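Chemist: what follows is a predicted protein model with its sequence.
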Amino acid sequence: MTIALDLSLIAAWLKPALIGLALLVVGSILLLLFSRWIGRRRALTPKKPKLSAVMAAFFVCLTIPVLIFILAYNYYRNSEAIMATLKDDVAKTRQASIENVEGMIRDVTGTLRLLAEEVAADPDFFRTDKSREVLFRALTSAEEIDAAFVSFEDGYHRAVTRIDADRRRSDPKIPPTANWHMNFIDGFASGANRRRHRTFFDNWGHVVGEYSVPTKVDYRTISGYPAAKASGTLAMANPEINSDTGYPIINMRFPLFHDGAFIGCAGMSITLDVLTRFLATHRASPHSTTIIADVTDGRIIAASEKKKSVRSVGGKLQMTRLDNFADDDVREAYRLRTHTNRDILFRSPRDGHELSASFSRFPETFGHPWEAVVITPTADFIGQLKATNRQIFLIIVVLSIAELFLIYLLSRRLSQPIENISRELKSAESLSFERPASRPSKIREIAQLQSAASLLRNSLQSFSSFAPVDVVRGLIKSGIPLALGVETRNLTVLFADLENFSAHAEQSTPDALLEQMSVYFEQVSRAISDEKGVVDKFIGDGIMAFWGAPVALPDHVLRACAGALRAVRRMERANAAWLLEGKPPMRIRVGVNTADVLVGNVGSTERFSYTVMGDGVNVASRLEGMNKTFGTTICISDSVFDAVSSEIVARPMRRVHVKGRKQEFMVYELLGMARSEDPEIGVRPQDKRLNGMTWVASKSFENGDFEEAARRYREILAEFPNDPAAKAMLTECSSSIVATTAR
């Protein structure tokens, strides 16, 4: 049956494949005849044929791509539909598993709350045998509840549990007919005579056995009791191995308060058998595996294969983790998951079959970091259809090879001159001016392109003799014409200056000053260039630079911040070296702003330069000067902070008003890049603490709570006594407090 089906599929696609090949042969013959006709026409007239005529003849033999498109479209559409079905079924299974767990925990929690209310109302009642009826009703309210119990602060404990085959095997004293169990433990007042009293029932109420044993167990120290006592609310412990059954359980405890005092906990143990059965019966596909696991350590909470959820190590039972689960496919999926947070497709290490692995976190409201894991063989969904797609793909490959061979033969002569032109243009773009060996094309449009390319190359070669090659290369790549004119662009502008340069210049000899200034200009310029910035001009001891022109940079704001940090950190290293040599340091101050500015060629018709201007440039210059006010190193505007706030660490100073602008804006000090480990731009450990403290203080300042802001800034100075920004802001707080009092 399978062979017949395969032959029918091949026969169905063989006919169109043969037709396509026939069309290729006919097209080849027509193209050959057309080529010879062109050769004869060249001898009769010097007029060269148009490229459109050549391309029209060429595309006659390209009808086969229509068939290839149909086949490829069918292949991918089928694959998309199948994978969508797989993802939908997996998502449903995943969601059902999560909802089942949440529902189970929610129902048990409700029952436990009711039990806790009864115990709190009459705690003495639960020290009597009559209370076992209440505990039994709580136990049998849901099949997943394995035990219901009450533990008091004085050591008294009473519990009702189910008895199954696993418990009978763990304790030979349990009667073989027992199905239910009630026990209570004496309080600590019994001293050495403290015992655990056990009673067994086949049908509830009908005793089939009982005994008592000495015990020293203290339920106040185990299974969620301390957490419930400390939090005063429901506590759900992490899953653990039940020593009686050998399988995982979850203990839940609710604190008991009587007359306002804590007296103990009511609790329930949840067995995960019900969840395991649900996962086993609600699979995404016949051969899929569903697991509930803890994200933090990969510990298995429940799995569709119960016996694999625990393992024996050194004679002791342990809960299995995803990395040691007894399934190669699950371990491989977990290993791959550590490298990505998305669902993945991978090959089974056992048999090479393709598998889909899906991971979905429980909602945060659940309270525990659990996730549902679904491992599904894609063959369960797309086995037969995938085989058909492979046959279709084979046909596509055969036709594509035939088409490519024909195109190669017929287009070689046409494409050669175009490739030569491309090489010439690439050479001109990089200003290498290598003259490739090429001969003039016989096609008119291509010949015109060759002539234009040659003219462009010669013009650029001449122009590069009058201007720096790097400038010319940048203008070529940006596409900006060499003429007066500006355009509006969103750019990031940087101003750098030296602190107390005039005094420094007076105290240094010209040669020493020149040496240090050369290092300063070199370090800052290279820092800007390393982040693809453009040094606009040197203004005395100042440097102006910008990002985003002439070549557009989508991340120009972030690069400007990185460039400013590199410049400052490199100057810090230079200053350290100068101090060792006995030379005075040069402290740099930087201002950065991003805004819409005018950029382009500015000047006269005889001499112009490529620069930026506008209000945004003035703000950057003012920001550089504000470092003197705050004692900071890199001041950035609110527009810079808003653009890359998630990528940088910057602490707020205060809102300022600069000359020429009506509106105030917030000024920040840039401390580092939030996600970088590069020591030149990363955040220093002490700056993280300083940043957090400054944000708290600034919030109070901006809200007008100057007393609180002053207190916060004093806290900063207590921890960072040399922080000039905190000193400056403390002065601002004092002035604001005086002004407020005066009003």
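Modeler: Looks like it came in fine.
Chemist: what helix or strand is residue 579 located in?
Modeler: According to DSSP states H and E, residue 579 maps onto helix 556-580.
Chemist: tell me which other helices or strands the following helix or strand past that helix touches.
Modeler: Toward the C-terminal end, the helix or strand that comes next after helix 556-580 (DSSP H and E) is strand 588-603. In terms of contact count using 3 or more Cβ pairs under 8 Å, 6 or more residues apart in numbering; DSSP states H and E, strand 588-603 is assigned the packing partners strand 485-498, helix 556-580, strand 608-613, helix 615-630, strand 634-637, helix 638-644. C-beta: built from backbone N, CA, C; applies to glycine.
Chemist: what does the fourth one contact?
Modeler: Read that as helix 615-630. Around helix 615-630, the neighbours that count as contacts under Cβ atoms under 8 Å, 6 or more residues apart in numbering are 491, 493-497, 499, 542, 544, 589-597, 632-637, 653, 656, 658-661, 667, 669, 724-725, 728-729.
Chemist: hmm, try it at 7 Å
Modeler: Taking Cβ atoms under 7 Å, 6 or more residues apart in numbering as the criterion, the residues outside helix 615-630 that touch it are 493-497, 589-593, 595-597, 633, 635-637, 653, 656, 658, 660, 667, 669, 724-725, 728.
Chemist: so for it, what gets flagged as buried?
Modeler: Of the residues in helix 615-630, those buried under the neighbour-count criterion (16 or more other Cβ atoms under 10 Å) are 616-624, 626-627, 629-630.
Chemist: residue 259: how many residues sit nearby?
Modeler: Neighbour count of residue 259, defined by other Cβ atoms under 10 Å: 7.
Chemist: pLDDT score for it?
Modeler: Reading off the per-residue confidence, residue 259 sits at a pLDDT of 87.
Chemist: can you pull the phi/psi pair for residue 128?
Modeler: For residue 128, the backbone dihedrals (degrees, to the nearest 10) come out as phi -110, psi 160.
Chemist: need the winner for burial among the helices and strands packed on strand 588-603.
Modeler: Comparing the helices and strands packed on strand 588-603 on average neighbours per residue, with mean count of other Cβ atoms under 10 Å, the densest one is strand 634-637 at a mean of 28.
Chemist: tell me what that one is packed against?
Modeler: Contact analysis of strand 634-637 by 3 or more Cβ pairs under 7 Å, 6 or more residues apart in numbering; DSSP states H and E lists strand 588-603, helix 615-630, strand 665-673 as its packing neighbours.
Chemist: identify the residues contacting it?
Modeler: Taking Cβ under 7 Å, 6+ apart as the criterion, the residues outside strand 634-637 that touch it are 564, 568, 590-593, 619, 623-624, 626-627, 650, 665, 667-670.
Chemist: can you pull the contacts of residue 320?
Modeler: Remark: with contacts taken as Cβ under 7 Å, 6+ apart, residue 320 is in contact with 300, 308-311.
Chemist: quick one, what contacts residue 666?
Modeler: The neighbourhood of residue 666, defined by Cβ under 7 Å, 6+ apart, consists of 638, 652, 655.
Chemist: which residue sits closest to the last one, ignoring its sequence neighbours?
Modeler: This points to residue 655. The spatial neighbour of residue 655 that comes closest, neighbours along the chain excluded (Cβ to Cβ, 6 or more residues apart in numbering), is residue 664 at 4.3 Å.
Chemist: before we move on, what about the first one?
Modeler: What sits nearest to residue 638 in space, not counting adjacent residues and going by Cβ to Cβ, 6+ apart, is residue 666, at 4.4 Å.
Chemist: any idea how far the one you found is from residue 230?
Modeler: Using Cβ to Cβ, to the nearest Å, one obtains 42 Å as the distance from residue 666 to residue 230.
Chemist: over to residue 347?
Modeler: Relative to residue 230, residue 347 is positioned 48 Å away (criterion: Cβ to Cβ).
Chemist: please apply the same query to residue 651.
Modeler: 36 Å.
Chemist: of the two, who's got more company?
Modeler: More neighbours surround residue 651 than the other of residue 651 and residue 230, with 21 against 10 (other Cβ under 10 Å).
Chemist: got the contact list for residue 304?
Modeler: Contact analysis of residue 304 by Cβ under 7 Å, 6+ apart lists 276, 279-280, 283, 289-290.
Chemist: among the residues you listed, which one lies nearest to residue 338?
Modeler: Compare each of these with residue 338 using Cβ to Cβ and the shortest gap goes to residue 289, at 18.7 Å.
Chemist: my guess is that closest one meets residue 330, correct?
Modeler: Yes: the criterion here is Cβ atoms under 7 Å, and residue 289 meets it with residue 330 at 6.4 Å.
Chemist: thanks a lot, catch you later.
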